[in-house]
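In: sequence first, then the predicted structure, then my questions.
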Amino acid sequence: MSTVSFILVHLMIWLIVFFMSLPFGVKVPDKPKQGNANSAPIKTNLKLKFFLSFIIAFIPSVITYWIVSEGLLKYFLTNL
């Protein structure tokens, strides 16, 4: 697996983890300001979610890199 492939795999896994983390910790006000949607959150913590999901996505990316570089998937599929 090349470096570009690793980066692309990491970005795909990161997007999945990031979108999964978006609803966590979101608080909706009881009485929203006039002009805001009723579901508009008070604080989204996007910076924290951005960096944490980047770090969390690194673990499955490394595991995927190891599986591809060792040829384990090819070995498993040929021995079915």
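Out: Received, thanks.
In: every contact and neighbour count from this point should use C-alpha atoms.
Out: Noted.
In: give me the mean pLDDT for the one helix or strand residue 47 maps to.
Out: Assigned by DSSP states H and E, residue 47 belongs to helix 46-70. Across helix 46-70, the average pLDDT comes to 93.
In: for it, buried residues please.
Out: 49-50, 52-54, 57-58, 61, 64-65 (16 or more other CA atoms under 10 Å).
In: and which of those residues is nearest to residue 77?
Out: residue 64 (15.7 Å; CA to CA).
In: now tabulate the buried residues of helix 46-70 in JSON lines and tack on distance to residue 33.
Out: Formatted as JSON lines, the buried residues of helix 46-70 follow (distance: CA to CA, whole Å):
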{"residue": "49", "distance to residue 33": "25"}
{"residue": "50", "distance to residue 33": "27"}
{"residue": "52", "distance to residue 33": "30"}
{"residue": "53", "distance to residue 33": "31"}
{"residue": "54", "distance to residue 33": "33"}
{"residue": "57", "distance to residue 33": "36"}
{"residue": "58", "distance to residue 33": "39"}
{"residue": "61", "distance to residue 33": "42"}
{"residue": "64", "distance to residue 33": "46"}
{"residue": "65", "distance to residue 33": "48"}
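In: which one of those residues sits closest to residue 3?
Out: residue 65 (9.8 Å).
In: spit out the contact partners of that closest one.
Out: Neighbouring residues of residue 65 by CA atoms under 8 Å, 6 or more residues apart in numbering: 1, 6.
In: distance check, it against residue 45.
Out: Separation of residue 65 from residue 45 (CA to CA, to the nearest Å) stands at 30 Å.
In: neighbours around residue 17, how many?
Out: Neighbours of residue 17 under the rule other CA atoms under 10 Å: 19.
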